[in-house]
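> what follows is a predicted protein model with its sequence.
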Amino acid sequence: MVTDPIALVFPGQGSQRPGMATSWQDHPAFARWKEADDLLGRDVTRLGLDAPSAELRQPVNCQIALFVHGAVILDAWRAAGGEAPVVLAGHSLGEYNALVAAGVLGFADALRLVDARAHHTQDAADAAPGTMVACLGYEVEDVEAACAAADAHIANDNAPGQIVVAGSDAALERLREALTAGKGRVMDLDVGAAYHSPHMEAAVAPFGEALRAAAFADAALPVIANVDARPHRAAGEWPDLLRRQLTAPVRWRETVGTFAELGVTEVVELCATPVLCGLVKRTDRTIARRAVATPEEL
């Protein structure tokens, strides 16, 4: 049977929710949680089942839990005979799930990289404190100009009218002042670091060591990289792309444009809470969208 071309996508931090793994406990794919427990020597399973929102929000917990949860749903999707995608992508942390889905990384190597990424980005955040805000309703050119004046940085170009900016508290206050006369609004985000910006520079070298220890393979399917919004297959490209991802903006709006270039007619988001479906809708309403967050939605 011929199916329409789909893209499988995975969200990043902010899509977590307490108890997100509960509905999957009786599914064979739930075994990924125990595998993560054994690989990292910690109770990762508890993060998916019992951790309160404040604990789950911490980067060293959130990134691990979301990665494992995405791996569970991917395994379940495949076991249920879900359609094979023509391309894969993930937003920030979700890129690691996309790389597992494409065969670029094995689960164990990807898990260790996510663990290293979580710890090194937390260390970088401690060294260069900052946070992030969402600029809603503004043109990207206006936000770029305000960032230049405020010494802030675009971290996520998510969709038309939805741009996330990272910086110090002082820089983001200057950004607000620079955008006051605009038509949009600036909304605080509940994150503890200025991700995808120069504030993460201290994480680059130590994370590079972790990347050198991981085994990368050529992709069975193209994966669209966050840093350039272009599809990649070659194993040798990914260490540099993942290193650059720490300090470069996530170009999700352009990623949706790449889906259209590749003939994608539907995006399927494997997630704890749908996030990317909404961004796709804001960017290109001709692309259909659905999310799989529970076994019933397979």
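Noted; the coordinates are in hand. Numbering: from 1, shown residues only.
> residue 132 contacts residue 199, correct?
No: using CB atoms under 8 Å, residue 132 makes no contact with residue 199, being 9.9 Å away. In short, each C-beta sits where N, CA and C put it, glycine included.
> please enumerate the shared neighbours of the two.
166, 193 (CB atoms under 8 Å, 6 or more residues apart in numbering).
> helices and strands around the helix or strand containing residue 135, which ones?
For residue 135, the element it lies in under DSSP states H and E is strand 131-136. In this structure, strand 131-136 makes packing contacts with strand 162-167, helix 169-179, strand 185-188, judged by 3 or more CB pairs under 8 Å, 6 or more residues apart in numbering; DSSP states H and E.
> how about it: buried residues?
Within strand 131-136, the residues that count as buried by 16 or more other CB atoms under 10 Å are 131, 132, 133, 134, 135.
> make CSV out of these and add pLDDT and distance to residue 4.
Shown next, in CSV, are the buried residues of strand 131-136 (pLDDT from 0 to 100; distance: CB to CB, whole Å):
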residue, pLDDT, distance to residue 4
131, 94, 40
132, 96, 35
133, 96, 37
134, 96, 32
135, 97, 34
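> quick check, nearest of those to residue 96?
residue 132 (19.9 Å; CB to CB).
> just list whatever residues bridge to the closest one.
residue 166 (DSSP bridges).
> look up how far residue 8 lies from it.
According to CB to CB, to the nearest Å, residue 132 and residue 8 sit 26 Å apart.
> below-threshold pLDDT in the stretch 51-200 of the chain: ranges please.
Low-confidence segments of the stretch 51-200 of the chain, defined by pLDDT under 70: none present.
> all helices of it, in order?
Ranges of helices within the stretch 51-200 of the chain are 53-57, 59-79, 94-101, 107-127, 140-150, 169-179, based on DSSP state H, counting those that start in this stretch.
> indicate which one of those is closest to residue 158.
Of all these, helix 140-150 comes closest under CB to CB, at 10.2 Å.
> report all helices and strands that the closest one contacts.
Counting contacts by 3+ CB pairs under 8 Å, 6+ apart, helix 140-150 packs against strand 153-159, strand 162-167, helix 169-179.
> same thing but at 6 Å, please
With contacts defined as 3 or more CB pairs under 6 Å, 6 or more residues apart in numbering; DSSP states H and E, helix 140-150 has these neighbours: helix 169-179.
> tell me which other helices or strands the helix it packs on touches.
Counting by 3+ CB pairs under 6 Å, 6+ apart, helix 169-179 packs on helix 140-150.
> thanks a lot, catch you later.
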